[in-house]
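Novice: Generate coordinates for the sequence data below:
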Amino acid sequence: MFLLITGIGGAGPQSGGAGWQPGGGDPAAAGTLAALCDEYWEGRLAANPIEATGIGDRRYDDRLDDNSLEGYAKSRSRLSGVRERARAIPEVGLGAADRLTLSALLTEVESDLAKLDCALHEWTVDPLGGPQIEFFNLESFQTVRGFAEGQAMVKRWQAMGPSLGRHVANLERGLAAGKVAPVDAVRKVIGGLRETLAEPDAQWALLLPLATPHPDWSDAQRAGFADGLTAAVRDSVRPALARYLAFLEAQIAPAARPETRAGVMHVAGGDAIYRQLIRVHTSLDLTPDELHATGLAEVERINGEMSELGRKVLGTAGLAETLARLRTDPALYFTTRDEVAGKAEAALARAKGAIGSWFGLLPKADCAVVRMGEHEEKISTIAYYRDPAADGSRPGQFYINTYAPETRPRYEAEALAYHESIPGHHLQLAIAQELRDMPRFRKHVGVTAYIEGWGLYSERLADEMGLYSSDLDRIGMLSLDAWRACRLVVDTGLHAKGWSRQRAIDFMRENSAIALSNIVNEIDRYIVWPGQALAYKTGQLEILRLRDEAKRTLGARFDIKRFHDVVLSNGALALVPLRQVVAKYAAGVRGGREDERGT
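Specialist: Here you go, the predicted structure:
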């Protein structure tokens, strides 16, 4: 998953998660913790207004994140204060559930501070999630129902020009300090900006809201909204994008790091930055060497499975022949965009019908398949998930890339759907949003290794659930598993071992069936987002280890539905607290005192 828009629904401040009552220990300590959790979440939403909008909190629809020097300093001061007060709360005065909440709060705050300390905004030029993409995605989740929301949208669109100006200033500051983006990322953003600027304003996604009629508005309101939004795009967004393009072409591209120095290790302080990002995304103190070795071992194991299944299904001899067949046989690829979307929809429907036998805890929110927009599909990954608005105004959305369908393998489509929707991201994130007795931040944010680990775990789980249509689709499951194992190798290779971009591409081509066009986009993603790709395998292996341990401990008393419910009923925890939750649950079953959440 690479794009998750997570957060809380509702129109105004709330004093905690619905029904959350801290307790089980010293009332004063519990009350201090509750207030601090609320303060952290309110501060986060105010500092990240796009995140707030994406999850249904409409208070900040008229503004963008403050990406100025002053804004970053303000966030650092706020977070440091929360951390200091959280550390001062005595754990011995808290009940078990509140201790878990305190741990989760510290994990989030320390991760937020670590990301600020890394200062990626000073050199990152992002073709997948930069402002030229983020701004154009806004209309897909910033709905306009009343005229006040229309006015807020106009103000936000007007703010895009100044925001892009601050983005350029950040890159100028990094350039002056010798920190600059890798050349391939810069080239991709330049190409995308040229294509966008070649289109007339009327074709931009930013003006799609004008297609909604709003019959309850007056003629003057409709005209004012149309004039305001059109002027914002014409006078603020377009000129700012043109200036951004000119800046990249004139200053960043000539100085950009070559593909042989693509990793963050080639930026000043890069080794320390990478260690911080490993901790942020995995929640563990792992070294690059440890992660690299795990990746190599997993690649070898999965390649053996792939060779065996390839021999059975395709009649191929060995891994190289299997991968070559999977990449070159046109019959194994889609021919139309509708086929790509249709396969995803069918897989999602099949999963919806099966989850009741494997999960006791199910979300109320629905999940729908959505096709990516033209402004992002050419350079985006193959799919992503956007979680539902917590107020019920939008379902969970599985975004599928239907661009160039002849390059998209049929055999990977089902595993991809199970990862992004059910039993993967939609099940986990929608359940988390709907949890009661939980502070708000634990419902809507969490550790990448848990979120992406669950998504990857779900691909293998779908096989146990009998969801794959054929052995060919199971080959896709292995291919995607190998892809995530390769991530451990290439991410650490790029950012800690001096690998070139081409060496990373070659390794993934030789050890997964991912189409070459997707491999290139994926490697460029890992270069731009150091450490994020480590989360998938790290989290999956931990969940599998915990499941195996619970099975050994409980024997005949092990219940897969109960195990899943325990894992999913605490939000996206760091992996060490997750171990503690599962261990306590297993101990409770053994002692005849099972706790629903294991807290």
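Novice: looking at this, residue 62 is in a strand?
Specialist: No: counting by DSSP: H, G, I helix; E, B strand; the rest coil, residue 62 is not part of a strand but coil.
Novice: surely it meets residue 150?
Specialist: No: here residue 62 does not reach residue 150: they are 10.6 Å apart, not a contact under C-beta atoms under 8 Å. (C-beta placed from N, C-alpha, C; glycine too.)
Novice: quick one, which of the two is more surrounded?
Specialist: Between residue 62 and residue 150, residue 150 has the larger neighbour count (other C-beta atoms under 10 Å), namely 23 against 19.
Novice: What helix or strand is the closest residue to residue 435 other than its chain neighbours located in?
Specialist: The shortest distance from residue 435 to any non-neighbouring residue, by C-beta to C-beta, 6 or more residues apart in numbering, is to residue 443 (5.6 Å). Following DSSP states H and E, one finds residue 443 within helix 440-444.
Novice: How about residue 245?
Specialist: helix 238-247.
Novice: hmm, who's touching stretch 464-480?
Specialist: Stretch 464-480 has contacts (C-beta atoms under 8 Å, 6 or more residues apart in numbering) with 302, 305-306, 309-310, 312-314, 326, 332, 347, 350-351, 354-355, 357-358, 409-416, 418-419, 423, 456, 459-460, 462-463, 512-514.
Novice: Select only the buried ones of those in PyMOL?
Specialist: Applied in PyMOL, the following selects the buried portion of the contacts of stretch 464-480 according to 16 or more other C-beta atoms under 10 Å:
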select buried, resi 302+306+309+310+313+314+326+332+347+350+351+355+358+409+410+411+412+413+414+415+416+418+419+423+456+459+460+462+463+512+513+514
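Novice: In helices, which of the contacts of stretch 464-480 appear?
Specialist: The members of the contacts of stretch 464-480 that map onto helices under DSSP state H are 302, 305-306, 309-310, 312-314, 326, 347, 350-351, 354, 413-416, 418-419, 456, 459-460, 462-463.
Novice: now the lowest-mean-pLDDT helix or strand in the chain, how far from the chain's geometric center?
Specialist: Of all regular secondary-structure elements in the chain, judged by mean pLDDT, DSSP states H and E, the least confident is helix 374-377 with a mean of 80. Put simply, helix 374-377 sits 18 Å off its chain's centre (C-alpha atoms, centre = their mean, to the nearest Å).
Novice: what about the stretch 351-500 of the chain, any weak spots by pLDDT?
Specialist: 379 (pLDDT under 70).
Novice: mind checking how far residue 137 is from residue 377?
Specialist: To residue 377, residue 137 is 12 Å away according to C-beta to C-beta, to the nearest Å.
Novice: neighbour count winner among those two?
Specialist: Neighbours per residue, other C-beta under 10 Å: of residue 137 and residue 377, the larger number sits with residue 137, 22 against 16.
Novice: For that one, which non-adjacent residue is closest in space?
Specialist: residue 376 (7.0 Å).
Novice: do residue 306 as well
Specialist: In space, not counting the residues next to it along the chain, residue 306 is nearest to residue 478; the distance is 4.8 Å by C-beta to C-beta, 6+ apart.
Novice: just residue 278 next, same as before
Specialist: In space, and not counting its chain neighbours, residue 278 is closest to residue 531: 5.2 Å by C-beta to C-beta, 6+ apart.
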